[in-house]
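Asker: I'll drop the sequence and a predicted model, then ask my questions.
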Amino acid sequence: MTGIFSNLLIKTQNFLGSQNTNICSVRAEHSKLDGGSHKVNNLEKKFLVWTGKYKSVEEVPAYVQQNVVERARNRMRIKISNYMMALTVVGCIVMVYFGKRAAGRGESVVKENLEWHRKINEEGKKEK
């Protein structure tokens, strides 16, 4: 009986041992890819220049490390988000300014809505 268990144990260890080496080789391949090179396109080249990694687009090599490209993308994502927030604030301020000017002239959304309904009702009565 112990011979069967020891035989089964040896087969299991051999199986798990072969599995672990496969996993290790796959992990090694992934680690090569993680720190490896990435072929950059024109937009990524511009990102690398705009973030200050290179002086000009011509200086950017065809292959750059993946983490450098990701860092440039993240910085551009943050810059674009900040610009969009600033433009939103400016747009809100402009809308407040125009709204106050319209209120000073006596215009309001309620008056325009009532005028529109009055006009539609008159057109409906004329058609009858």
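Answerer: It's in.

Asker: give me the neighbour count for Arg71.
Answerer: Arg71 is flanked by 15 other residues according to other CB atoms under 10 Å. All C-beta atoms are positioned from the backbone trio N, CA, C, and that covers glycine.

Asker: figure out the helix or strand that the residue nearest in space to the middle of the chain lives in.
Answerer: In the chain, the centroid-proximal residue (CA atoms, centre = their mean) is Arg77; its distance is 6.9 Å. Assigned by DSSP states H and E, Arg77 falls within helix 66-104.

Asker: so which elements touch that helix?
Answerer: In terms of contacts (3 or more CB pairs under 8 Å, 6 or more residues apart in numbering; DSSP states H and E), helix 66-104 is packed against helix 2-34, strand 37-39, helix 42-50.

Asker: what's the next helix or strand after it in contact with?
Answerer: Downstream of helix 66-104, the next assigned helix or strand under DSSP H and E is helix 109-127. Under the contact criterion CB atoms under 8 Å, 6 or more residues apart in numbering, helix 109-127 has no outside partners.
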